[in-house]
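>>> predicted structure and sequence below. I'll ask about it afterward.
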Amino acid sequence: MARTLVHNFGKNVSFKPAIFAEPKNEQEVIKLLRQHRGQSVRVVASRHAWSDAIKTDGLLISTRHLTQIELNPNRQSVRVGPGCKIKDLLRFLKKHGLTLPSVGLIDEQTIAGATATGTHGSGKRCLSHYIHRVRLAHYETTTGEPISSELDSGPELSAAKCSLGLLGVILEIEIEVRPSYRVEEHTKRHASLANILELEKQYPLQQFFLMPWSWDLYCQHRRETSADTSRTALLYRIYWLLGIDWLLHLVLVTLARFRGSPRFVRTFYQQVLPRTIIKNWIVTDDSHTILTMDHDRFRHIEIELFVSRSNLEAALNHVRETIITFGDRLQTKKAPQPFTENERQHYCHHYPICVRRIRTDDTLISMTSPANLNREEDWYSISCISYQSPHQRSGFFEFANSLALSMHQKFRARCHWGKYNPLDQSANKDLYPRLEEFQEIAKRYDPEAQFANHWLKNTILNDQPIDS
């Protein structure tokens, strides 16, 4: 299909590839690569990302038909096609009493898209870490012919686990599985970050939220348990589905998109929300149910920054100061409408800041790969989400750019590859000690950089950027 308009979930990325193809099997992938040798090639999955990683003016391959699943006889891993969605894989595994060792907040992503960008949950390593083997299609170095290769050990596997598609088109992933388990959860308000971090010993799967404008801290304390599913688990699911995933988000979407709402946003967080959060309701349920949310039901955009544990408190204080600074512009300046390009935009942050702990993983360039090869320190992700409409986001982009650059300078913060990511190659070279090793491996599998695009060359690869 020629010149199909493609846009991502957040509608901040739109482009028209020359060819959009949906191969039905691996042989068709190889055929496509042969037909379009010399052109830019990128792969699209569920499109639930906000970076420019999928953009191309050449061949765009959708893997939505490559969804095969096969459980290994030892029941310790599963082989899965790149286009299989996480929720479908979890549903298959559940029938066998199994699950994945780590999951992100949403389950709409495909397995290849999630692992290629370093998707993570809280309290464990990112999903990419648990990959045992990757089979991918790429161009042979000497002949230029498309071939398939299996990577199952060493630095090449570490590169392929989280590669943003720069080594080729993923055909199959073998990933670790584990027995199904249940998680106990309850929510509690805390007076200090120190209290929350101390409780990680008891609740290693916990995540917490910094509420804008009230600056309250609420933590979802979570731990694996052998206890039976709670009698109130179904009621708790309904509370989350209707009260949080739908009603709360409808309120926040309305506040975010109503231009005169900043004072209502402040009032909501200072006076309304604290009265609606049910605290200390202890519930045990299936891990998949507890650890995932449905906040993707409404269109939004997100920047997610990663800092080491030693920088977490100072980084959160900086996030708070940045939010206040951008919000204060609303109090001190009446900006004419519409905004011009040279005007400093205002932005009222309207969504809880989510913070999750991630263990250091065995990859070369995931956001939670080691920052220091001689020392391992846990990472914490800090997510800032906006539910404004695409045409209202000028303020958010200025806020996100300012936050990313200042967090990099002050705390060596990394940006999520799959979220809004304004950091360039010079910043990333400083942040990822094994970036050059990744670049060398990528060049071996893709010497002409056909699987790259302008953004990837400017952020990751050690080459001159191309126009695409």
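Perfect, I can see it now.
>>> C-alpha coordinates for stretch 177-186, PDB please?
Written as PDB, here are the backbone C-alpha positions of stretch 177-186 (Å, rounded to 0.1, in the frame of the first residue of the first chain):
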ATOM      1  CA  VAL A 177       8.500 -17.400  31.800                       C
ATOM      2  CA  ARG A 178       7.700 -18.200  35.400                       C
ATOM      3  CA  PRO A 179       4.800 -19.800  37.400                       C
ATOM      4  CA  SER A 180       1.800 -17.600  37.900                       C
ATOM      5  CA  TYR A 181       1.700 -15.700  41.100                       C
ATOM      6  CA  ARG A 182      -0.500 -13.400  43.100                       C
ATOM      7  CA  VAL A 183       0.200  -9.900  44.400                       C
ATOM      8  CA  GLU A 184      -1.000  -8.200  47.600                       C
ATOM      9  CA  GLU A 185      -1.600  -4.500  47.300                       C
ATOM     10  CA  HIS A 186      -2.800  -1.600  49.400                       C
END
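>>> flag every buried residue along it.
Applying a neighbour-count criterion of 16 or more other Cβ atoms under 10 Å, one finds Val177, Arg178, Arg182, Val183, Glu184, Glu185, His186 buried in stretch 177-186. Placement of C-beta: from N, CA and C, glycine included.
>>> ok, the fourth one - contacts?
With contacts defined as Cβ atoms under 8 Å, 6 or more residues apart in numbering, the neighbours of Val183 are Leu205, Arg222, Arg223, Glu224, Thr225, Thr284, Asp285, Asp286, Ser287, Ile290, Leu291.
>>> how about JSON lines for those residues, with secondary structure and pLDDT added?
Output for the contacts of Val183, formatted as JSON lines (DSSP: H, G, I helix; E, B strand; the rest coil; pLDDT from 0 to 100):
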{"residue": "Leu205", "secondary structure": "coil", "pLDDT": "98"}
{"residue": "Arg222", "secondary structure": "strand", "pLDDT": "98"}
{"residue": "Arg223", "secondary structure": "strand", "pLDDT": "98"}
{"residue": "Glu224", "secondary structure": "strand", "pLDDT": "98"}
{"residue": "Thr225", "secondary structure": "strand", "pLDDT": "98"}
{"residue": "Thr284", "secondary structure": "strand", "pLDDT": "98"}
{"residue": "Asp285", "secondary structure": "strand", "pLDDT": "97"}
{"residue": "Asp286", "secondary structure": "strand", "pLDDT": "97"}
{"residue": "Ser287", "secondary structure": "helix", "pLDDT": "97"}
{"residue": "Ile290", "secondary structure": "helix", "pLDDT": "95"}
{"residue": "Leu291", "secondary structure": "helix", "pLDDT": "95"}
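>>> list buried residues within the residues you listed.
Of all the contacts of Val183 considered here, the ones buried according to neighbour count by 16+ other Cβ under 10 Å are Leu205, Arg222, Arg223, Thr284, Asp285, Asp286, Ser287, Ile290, Leu291.
>>> which one of these is nearest Arg37?
If you rank the buried ones among the contacts of Val183 by distance to Arg37 using Cβ to Cβ, Leu291 comes first, at 42.5 Å.
>>> for that closest one, which non-adjacent residue is spatially closest?
When the adjacent residues along the chain are set aside, Leu291 lies closest to Val103, with 5.4 Å between them (Cβ to Cβ, 6 or more residues apart in numbering).
>>> hang on, the earlier thing: widest-spaced pair of the contacts of Val183?
Those two in these that are separated most widely, counting by Cβ to Cβ, are Arg223 and Asp286, at 14.4 Å.
>>> tell me how many other residues crowd Thr276.
For Thr276, the count of nearby residues is 12 (other Cβ atoms under 10 Å).
>>> look up how far His300 lies from it.
Noted for Thr276: a distance of 21 Å to His300, by Cβ to Cβ, to the nearest Å.
>>> I'd like to know which elements the helix or strand containing Ile30 is packed against.
Ile30 belongs to helix 26-35 when assigned by DSSP states H and E. Under the contact definition 3 or more Cβ pairs under 8 Å, 6 or more residues apart in numbering; DSSP states H and E, helix 26-35 sits against strand 59-62, strand 131-139, strand 146-151, strand 169-176.
>>> strand partners (parallel or antiparallel) of the very next helix or strand once past that helix?
Toward the C-terminus, helix 26-35 is succeeded by strand 41-44 as the next helix or strand (DSSP H and E). Using DSSP bridges, the strands paired with strand 41-44 are strand 59-62 (parallel).
>>> alpha carbons of the partner strand, in CSV - could you do that?
This file holds the C-alpha atoms of strand 59-62, laid out as CSV (Å, rounded to 0.1, in the frame of the first residue of the first chain):
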residue,chain,number,x,y,z
LEU,A,59,9.5,0.7,3.7
LEU,A,60,7.4,0.4,6.9
ILE,A,61,6.7,-3.2,8.0
SER,A,62,3.9,-4.1,10.3
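>>> give me the secondary structure label for the residue nearest to Leu291.
Classification of Val103 by DSSP: H, G, I helix; E, B strand; the rest coil places it in coil.
>>> can you start the count at 42 instead of 1 from here on
Yes, from this point I'll number from 42; that puts the last item at Val144.
>>> that one against Gly164, yeah?
No. With contact defined as Cβ atoms under 8 Å, Val144 does not count as touching Gly164 (11.2 Å).
>>> for this protein, longest helix please?
Scanning the chain for the helix with the most residues, using DSSP state H, yields helix 353-373.
>>> what are the contacting residues of that one?
Counting by Cβ under 8 Å, 6+ apart, the neighbours of helix 353-373 from elsewhere in the structure are 234, 238, 251, 253-254, 256, 303, 346, 348, 376, 385-390, 394, 396, 421, 423, 425, 436, 439-440, 443-444, 447-448, 451-452, 454.
>>> for it, what is the distance to the chain centroid?
If you compare the mean C-alpha spot of helix 353-373 with that of the full chain, they lie 23 Å apart, counting by Cα atoms, centre = their mean, to the nearest Å.
>>> try stretch 292-309
Between the mean C-alpha location of stretch 292-309 and the chain-wide mean there is a distance of 26 Å, by Cα atoms, centre = their mean.
>>> stretch 165-174 too?
Taking the mean C-alpha point of stretch 165-174 and that of its whole chain, the gap between them comes to 14 Å (Cα atoms, centre = their mean).
>>> pull the helix or strand with minimum mean pLDDT from this structure.
Least confident element among the helices and strands of the chain, by mean pLDDT, DSSP states H and E: helix 353-373 (a mean of 88).
>>> and stretch 103-120, what's its mean pLDDT?
When pLDDT is averaged along stretch 103-120, the result is 96.
>>> mind listing what's buried in it?
Along stretch 103-120, the positions that meet the burial threshold by neighbour count (16+ other Cβ under 10 Å) are Ser103, Thr104, Arg105, Leu107, Thr108, Leu112, Ser118, Val119, Arg120.
>>> ok, which stretches of the stretch 392-509 of the chain are strands?
All strands of the stretch 392-509 of the chain, identified by DSSP state E, counting those that start in this stretch, fall at 394-399, 420-427, 455-456.
>>> tabulate the ones you listed (TSV), appending mean neighbour count, distance to Tyr277 and mean pLDDT.
What follows is the strands of the stretch 392-509 of the chain, written out as TSV (neighbours: other Cβ atoms under 10 Å; distance: least, Cβ to Cβ, whole Å; pLDDT from 0 to 100):
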stretch	mean neighbour count	distance to Tyr277	mean pLDDT
strand 394-399	22	19	98
strand 420-427	23	23	97
strand 455-456	27	34	98
